[in-house]
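*Asks:* what's the 3D shape of this:
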Amino acid sequence: MVSQHRLYESLHAREHITDTDSGHDIYLHQPRLVIDTITDTIDATRTPSPTAS
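*Replies:* Numbering: from 1, shown residues only. Take a look at the predicted model:
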């Protein structure tokens, strides 16, 4: 978990989801979470950040 947190911080990610109630195959157990997270990520890249110059 410590290495995952370090990776998250180094990537300047918006969100780090760890409590998924699933194993390694999250796409099988929590497909809606995967879809929503991907959609949020795409939307965030399309919307300019208020701090962007």
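*Asks:* Quick check: which element contains Gly23?
*Replies:* Under the criterion DSSP states H and E, no helix or strand holds Gly23.
*Asks:* hey, where'd the helices end up in the protein?
*Replies:* Using DSSP state H, the helices of the chain run over residues 2-10, 26-29, 31-46.
*Asks:* Please work out how many residues are found near Leu28.
*Replies:* The local packing of Leu28 (other C-beta atoms under 10 Å) involves 10 other residues. Where C-beta positions appear, they are placed from N, C-alpha and C, glycine not excepted.
*Asks:* Glu15 versus that one, what's the distance?
*Replies:* Distance of Leu28 to Glu15, computed by C-beta to C-beta, to the nearest Å: 21 Å.
*Asks:* re earlier: what's the closest of the helices of the chain to Asp19?
*Replies:* helix 31-46 (10.2 Å; C-beta to C-beta).
*Asks:* And that closest one, what does it pack against?
*Replies:* Other elements packing on helix 31-46 under the criterion 3 or more C-beta pairs under 8 Å, 6 or more residues apart in numbering; DSSP states H and E are helix 26-29.
*Asks:* Quick check: mean pLDDT of the helix it packs on?
*Replies:* Here helix 26-29 scores 91 as its mean pLDDT.
*Asks:* what's around Asp19, how many residues?
*Replies:* Going by other C-beta under 10 Å, the residues that sit close to Asp19 add up to 5.
*Asks:* contacting residues around the worst-scoring helix or strand of the chain on mean pLDDT?
*Replies:* Using mean pLDDT, DSSP states H and E, helix 2-10 stands out as the lowest-scoring helix or strand of the chain, at a mean of 72. Contact partners of helix 2-10, identified using C-beta atoms under 8 Å, 6 or more residues apart in numbering, comprise 16, 18.
*Asks:* on that earlier part again, a markdown table please, covering the helices of the chain and showing distance to Asp19.
*Replies:* As requested, these are exported to a markdown table (distance: least, C-beta to C-beta, whole Å):
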| stretch | distance to Asp19 |
| --- | --- |
| helix 2-10 | 13 |
| helix 26-29 | 11 |
| helix 31-46 | 10 |
